[in-house]
Each structure stands twice: as C-alpha cells, then as structure tokens.
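**Student:** here's a sequence, model it:
(one chain, ligands or ions: 1)
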Amino acid sequence: MSEGLRLDGVCILKDGVPLIEVDATVPPGDVLTVMGPSGVGKSTLLAFLTGTLPRGFAGMGRIILNGEDVTDRPAHQRRLGILFQDDLLFPHLSVGENAAFGLAPGGSRADRAARVSEALADVGLSEFEARDPATLSGGQKARVSLVRMLLSEPRALLLDEAFSGLDAALRAQIRGLVFDRARARALPVLMVTHDAEDARAAGGPVFEMEAWRPSAS
Ligand SMILES: Nc1ncnc2c1ncn2[C@@H]1O[C@H](COP(=O)(O)OP(=O)(O)OP(=O)(O)O)[C@@H](O)[C@H]1O
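**Tutor:** Numbers count the residues shown, from 1 in each chain. Okay, here's the model as predicted:
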C-alpha cells in the first residue's frame, strides 16, 4: 500500500538496547491508537517519526509517508502535524497571528490572510482573529492549535496526549473535530493516549506498547 503512514520494521534503541519495536500501517483518514505504560517509549516513537530523537537514542527501520521514504529527511521536510497536551500559543501574538504561524509557504499576502480567516471560521472562531490568546477558553485555544497545525498542510497527524488538558465534554468535542478534519483531508493519524475513551472514539486499531524483552530463544 503506498498511501498513508507506514512504520516498517521500526526499532528504537536507547543506549544501544532495544526500547520499542513497531510495524504498523495507518491508512489515510484512519487513526492508530498507541497505548502503554508510562516510560515504555510512546513519546520516543513520536520523536523518531518527527526526526527529533534525543541524544542516546537510535532508530532503525523505515518511515514511509504516502509511498515516500522520509526516514532520512530532516524534521522540517517531513511535513508531520503534531498536537501536544497544552499546546502553547504565543502570548504576544493575536489568535490570527498564532494561526498564521503555521502557514505553509507560498501565496500572496492577501491569499495567506484569507487562508487564516477561512481556517479559523472552519472551527467556529471567525470572530476571534484579533483576540489575545490569553482571553480564550481551553477549548478555543485547542481549536487555534488545531488550525495552526492544519495550515502547515501536514501529510500525517501525530497526537501526543493532545486532549488531556480538557474536561470530558470538551475532550470529546475537540477529539471529534480533529478526527473529522483528518478524515476530510485523508490524513493518517497516530494518537498516543492513556485514555480508553480516546481509543474507543478513534474506532481504529490499538497498538499496545510493551516493555521490550529479549526473546527467549
Ligand atoms: N531526553 C531523554 N534522554 C534520556 N532518556 C529519555 C529522554 N526522554 C525519555 N527518556 C527515557 O526513555 C524512555 C521512554 O520514554 P518516553 O517519554 O518515550 O515514554 P512514554 O511512554 O511516552 O511515557 P509517558 O506515558 O510517561 O509519557 C523512558 O525510560 C524515559 O525515561
């Protein structure tokens, strides 16, 4: 399969010792949920995908995105969208300027402004473009983070406990919005979460990460 995100024989070593092994394919618009105990290596897997493994770690295997091997591409060329828990908005920029920060290059100034306005309107924030982000609710901030990320025109989404700072009702709402926009853009999603409800809502397969042990043979 050439479309979507494929982790082909991925193995990440920490100080020379295998930490995790993953073989997985995420078709366009689908969600692969990654769960597992604290410290097992979930964030490390995301760091491998984004090309930002910390010192002491080494990754093997291939990352294939829409048929293209991006394993050796520098981080900024991979075009992966990431949402973290408590994504920070720049406090000295307006909501519109925060969103524009994600904009993929190209287009006239007017075109870029229109893309920001449209994207904010798409998540119900058209009246908030000039606002100071400090005056937004948690759900509104999460929407701005989503818009900023989508404006970068990512080829896949990575979610690292992205909904953890939100209460249950808001969590469901923002999660639905993220999955919906990912489906609409046919983006494969890899979601790291501790929350069983996130996994249920995603509806896709769950990869349970376990501490690596040498095989008995
Ligand atoms: N920058 C780093 N330098 C050295 N070791 C690290 C670094 N970041 C994480 N580790 C270690 O690597 C292992 C995997 O950590 P990781 O953060 O990927 O786990 P996790 O599954 O995401 O945990 P959690 O659910 O608590 O976020 C842990 O043993 C952790 O202590």
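**Student:** what's the helix or strand in which residue 23 is found in contact with?
**Tutor:** Counting by DSSP states H and E, the element that carries residue 23 is strand 17-26. Residues from elsewhere that reach strand 17-26 (C-beta atoms under 8 Å, 6 or more residues apart in numbering): 1, 4-13, 32, 40-41, 44-45, 57, 61, 156, 188-190, 204, 207, 209, 212. Where you see a C-beta, it was placed from the backbone N, CA and C, and this is true even at glycine.
**Student:** again, only using 6 Å
**Tutor:** Contacts with strand 17-26, where a contact means C-beta atoms under 6 Å, 6 or more residues apart in numbering, come from 4, 5, 6, 7, 10, 11, 12, 32, 41, 188, 212.
**Student:** moving C-terminal from it, which element do we reach first?
**Tutor:** Taking DSSP H and E, what comes next after strand 17-26 is strand 31-35.
**Student:** note down every partner strand of that next one and its orientation.
**Tutor:** Strand 31-35 has the following strand partners under DSSP bridges: strand 189-192 (parallel), strand 206-208 (parallel).
**Student:** contacts made by the helix or strand in which residue 45 is found with the rest, please.
**Tutor:** Assigned by DSSP H and E, residue 45 belongs to helix 42-50. The contact list for helix 42-50, computed with C-beta under 6 Å, 6+ apart, reads 12, 34, 36, 53, 59, 75, 80, 158, 160, 192.
**Student:** format the CA atom coordinates belonging to that helix as PDB.
**Tutor:** This file holds the C-alpha atoms of helix 42-50, laid out as PDB (Å, rounded to 0.1, in the frame of the first residue of the first chain):
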ATOM      1  CA  LYS A  42       5.400   6.300  23.300                       C
ATOM      2  CA  SER A  43       6.800   9.800  23.100                       C
ATOM      3  CA  THR A  44      10.100   8.400  21.900                       C
ATOM      4  CA  LEU A  45       8.300   6.800  18.900                       C
ATOM      5  CA  LEU A  46       6.800  10.200  18.000                       C
ATOM      6  CA  ALA A  47      10.200  11.700  18.300                       C
ATOM      7  CA  PHE A  48      11.600   9.100  15.900                       C
ATOM      8  CA  LEU A  49       8.800   9.900  13.500                       C
ATOM      9  CA  THR A  50       9.400  13.700  13.600                       C
END
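**Student:** kind regards, and thank you for your time.
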